[in-house]
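Q: Quick check, what structure comes out for this input:
(chains A and B)
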There are 2 protein chains.
Amino acid sequence: MCELLGMSANVPTDICFSFAGLVPRGGGTGPHRDGWGIAFYEGPGLRAFHDPLPSADSRIAELLVSYPIKSRVVISHIRQANVGDVCLANTHPFSRELWGRVWCYAHNGQLEKEIFDWPLSYYHPVGTTDSEYAFCWLLDQIRKEFPDGPPDDADELSALIHQCCEKLRALGVYNLLLSESSRLFCFCTTKLSWITRRAPFGEARLKDSDMSVDFGAETTPNDVVTVIATEPLTDNERWESLNSGEMVVFKDGEVEWRARAEQAQK
Amino acid sequence: MCELLGMSANVPTDICFSFAGLVPRGGGTGPHRDGWGIAFYEGPGLRAFHDPLPSADSRIAELLVSYPIKSRVVISHIRQANVGDVCLANTHPFSRELWGRVWCYAHNGQLEKEIFDWPLSYYHPVGTTDSEYAFCWLLDQIRKEFPDGPPDDADELSALIHQCCEKLRALGVYNLLLSESSRLFCFCTTKLSWITRRAPFGEARLKDSDMSVDFGAETTPNDVVTVIATEPLTDNERWESLNSGEMVVFKDGEVEWRARAEQAQK
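A: I've put the predicted structure just below:
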């Protein structure tokens, strides 16, 4: 299993605090020693940092904990390898372009080998993980259904992604964070929890390191910031957890779309 | 105009020294204040760092100058914006996947607006630069000609890329660095110079900063390392320059393919 971390916000926000809570899990307090990555959207652009080294030992991670990159959508992943060697090509998050947008993706879990038999059309994996293969398959489905651009009704896109995730969940554990720059699509098989912070902001205390932050001093009254992670990062706030088969789509920090496991899947 | 820097080597090599020579040109000794990026291949994987800030002021650039990431193919770019805002989506190098390989691209120069009328099929720009548009068009041509994978004869691929570059050169200034992870394709319209370092290695002294390196102490006798840049980075070595319309393809630090301007272009 791996650790996922995502953020959706209505203003460019730095994720240093939450990232500081995740980093020790990569070889420090957690067993996930097989590389890590984090990707920040800034408008339509995506800035990604990858390191096949454990995050707890990484000089790049050390820089990012103290260097506030402000973003409205962030996806991060710390890896414990199960399928695929430990190398850069197998380090999440992965990205591909569709419709002139950069899609970014991180997966936690493991799928049956059968996934590698699913046919691919437009997108092909660079590395050898089940995760990246599933990403290529997922983007293929979106591109086939909406070849010329996103549907006018964003709910149609969310529903399609949910259907695809349910097919992937039938092959094993599929916890997903995905974005096309404005939305954060989150699908759960086993573990994903989120918290939405808004005024009045309080203090939050990290579970994994001796650190707390007073968000009241860092924010304006209109800020809405949602953080989603494999497990709650703080121990003095109430996080909401997703059920198996459930998808939540965040936009500007708010829930835009939500659906429980599909009937067909049960 | 912008500054390009590329490397091709037969063993994983760090580019800290050359990058240290480039960084001051981004807002220090040079006028290129509009962001920078560098991408390192590690096997098939690509690790890219982008910053819309001037490299001379960038904390990420500061880290990379002292953090040796070893790679056999590197592409770097420091930007002086002409077309497109200064923002992350317009920051080189750009990358796209084709045949399960990550292609990485940086362009220096400017193309006539007509480029934006050239039809695109598979790849679409995320930002607003002529450079990224031309990259999408170029990869489209490669994908159309070789839809199922690279040709058995690598020279056919080099020749196609050269033809495409000649078409782009007809629209203005097109200096290019491009890679698919093993080869470094370099095309010149105005300025590109390279040097191949091999045993016996000597000392090199950077033009733009008070720094020199003794490569003899850093290398083994079998290392072959080619560095290519907009202008020579050192002032005590002999660099070779490309002519307008000329393309050189490096693999493992050696020239694999080379062609002068096409007859048709003159």
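Q: buried set for stretch A:242-256?
A: Buried residues in stretch A:242-256, counting neighbours by 16 or more other C-beta atoms under 10 Å in any protein chain shown, are found at A:242, A:244-253, A:256. C-beta: built from backbone N, CA, C; applies to glycine.
Q: The strand ranked longest in chain A: what's the following helix or strand?
A: Scanning chain A for the longest strand, with DSSP state E as the assignment, gives strand A:3-14. Toward the C-terminus, strand A:3-14 is succeeded by helix A:16-22 as the next helix or strand (DSSP states H and E).
Q: still on that earlier bit, output the buried residues of stretch A:242-256 in CSV, with distance to chain B and pLDDT appended to each entry.
A: Below are these laid out as CSV (distance: C-beta to the nearest C-beta, whole Å; pLDDT from 0 to 100):
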residue, distance to chain B, pLDDT
A:Leu242, 30, 97
A:Ser244, 31, 97
A:Gly245, 30, 97
A:Glu246, 30, 98
A:Met247, 25, 98
A:Val248, 26, 98
A:Val249, 21, 98
A:Phe250, 21, 98
A:Lys251, 19, 98
A:Asp252, 19, 98
A:Gly253, 20, 97
A:Glu256, 22, 98
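Q: residue ranges of the strands in the stretch 101-250 of chain A, please?
A: Along the stretch 101-250 of chain A, counting by DSSP state E, counting those that start in this stretch, strands occupy A:101-108, A:175-179, A:183-187, A:193-198, A:203-205, A:212-214, A:224-229, A:240-241, A:247-251.
Q: looking at those strands, which is buried most?
A: Neighbour counts (mean count of other C-beta atoms under 10 Å in any protein chain shown) averaged over each of the strands of the stretch 101-250 of chain A peak at strand A:175-179, with a mean of 27.
Q: Show me what that strand packs onto, helices and strands only.
A: In terms of contacts (3 or more C-beta pairs under 8 Å, 6 or more residues apart in numbering or on different chains; DSSP states H and E), strand A:175-179 is packed against strand A:3-14, strand A:70-78, strand A:101-108, helix A:154-169, strand A:183-187.
Q: Quick check: which of these is nearest to chain B?
A: strand A:101-108 (5.5 Å; C-beta to the nearest C-beta).
Q: How far off centre is the closest one?
A: 7 Å (C-alpha atoms, centre = their mean, to the nearest Å).
Q: picking that back up, with distance to A:Ala20 and mean pLDDT added, can I get the helices and strands packed on strand A:175-179 in CSV?
A: Below are those laid out as CSV (distance: least, C-beta to C-beta, whole Å; pLDDT from 0 to 100):
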stretch, distance to A:Ala20, mean pLDDT
strand A:3-14, 11, 93
strand A:70-78, 12, 93
strand A:101-108, 18, 97
helix A:154-169, 29, 98
strand A:183-187, 20, 98
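Q: Need those in JSON lines (columns: distance to chain B).
A: Output for the helices and strands packed on strand A:175-179, formatted as JSON lines (distance: least, C-beta to the nearest C-beta, whole Å):
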{"stretch": "strand A:3-14", "distance to chain B": "12"}
{"stretch": "strand A:70-78", "distance to chain B": "10"}
{"stretch": "strand A:101-108", "distance to chain B": "6"}
{"stretch": "helix A:154-169", "distance to chain B": "17"}
{"stretch": "strand A:183-187", "distance to chain B": "16"}
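Q: Low-confidence regions, the stretch 151-266 of chain A specifically.
A: Low-confidence segments of the stretch 151-266 of chain A (pLDDT under 70): A:263-266.
Q: Could you tell me which residues of the stretch 1-150 of chain A lie near chain B?
A: Taking C-beta under 8 Å from any C-beta of the partner chain, the part of the stretch 1-150 of chain A that reaches chain B is made up of A:42-52, A:59-60, A:63, A:67, A:87-91, A:96-97, A:99-102, A:122-127.
Q: Can you tell me which of these end up in helices?
A: Residues of these located in helices (DSSP state H): A:59-60, A:63.
Q: Now rank those residues by neighbours and give me the top one.
A: A:Ile60 (23 neighbours; other C-beta atoms under 10 Å in any protein chain shown).
Q: now, among the ones in helices among the residues of the stretch 1-150 of chain A next to chain B, which is nearest to B:Trp137?
A: Closest approach between those and B:Trp137, by C-beta to C-beta: A:Ile60, at 33.2 Å.
Q: mind listing what the spatially closest residue to that closest one that is not a sequence neighbour touches?
A: Spatially, and ignoring its direct neighbours in sequence, A:Ile60 is nearest to A:Asp51 (5.1 Å; C-beta to C-beta, 6 or more residues apart in numbering or on different chains). Counting by C-beta atoms under 8 Å, 6 or more residues apart in numbering or on different chains, A:Asp51 makes contact with A:35-37, A:58, A:60-61, A:91, B:47.
Q: Farthest pair within these?
A: Across these, the longest distance by C-beta to C-beta is 13.5 Å; it joins A:Ala61 and B:Arg47.
Q: These two: who's more crowded?
A: The neighbour count for A:Ala61 versus B:Arg47, taken as other C-beta under 10 Å, is higher for A:Ala61 (25 against 22).
Q: can you pull the contacts of that one?
A: Listed by C-beta under 8 Å, 6+ apart, the contact partners of A:Ala61 are A:19, A:23, A:26, A:36, A:51, A:55.
Q: And the residue of the stretch 51-200 of chain A closest to chain B?
A: A:Leu88 (2.9 Å).
Q: For that residue, give me its contacts.
A: Residues near A:Leu88 by C-beta under 8 Å, 6+ apart: A:35, A:50, A:52, B:42-43, B:45-47.
Q: rewinding a little: between the contacts of A:Asp51, which is closest to A:Ile115?
A: Nearest to A:Ile115 among these, counting by C-beta to C-beta, is A:Thr91 at 18.9 Å.
Q: before we move on, back to that, any idea what sits nearest the residue of the stretch 51-200 of chain A closest to chain B, other than its immediate chain neighbours?
A: Nearest residue to A:Leu88, sequence neighbours excluded (C-beta to C-beta, 6+ apart): B:Gly45, at 2.9 Å.
Q: Kindly state the beta-bridge partners for that neighbour.
A: Here B:Gly45 shows beta-bridge partners B:Glu42, assigned using DSSP bridges.
Q: from what I can see it touches A:Phe94, true?
A: No - B:Gly45 is beyond contact range of A:Phe94, at 10.4 Å (criterion: C-beta atoms under 8 Å).
Q: Let me have the strands of the stretch 101-250 of chain A in a markdown table, adding distance to B:Trp137 as columns.
A: Formatted as a markdown table, the strands of the stretch 101-250 of chain A follow (distance: least, C-beta to C-beta, whole Å):
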| stretch | distance to B:Trp137 |
| --- | --- |
| strand A:101-108 | 18 |
| strand A:175-179 | 26 |
| strand A:183-187 | 29 |
| strand A:193-198 | 41 |
| strand A:203-205 | 48 |
| strand A:212-214 | 47 |
| strand A:224-229 | 38 |
| strand A:240-241 | 46 |
| strand A:247-251 | 32 |
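Q: Ok, which of these comes nearest B:Asn222?
A: strand A:101-108 (39.0 Å).
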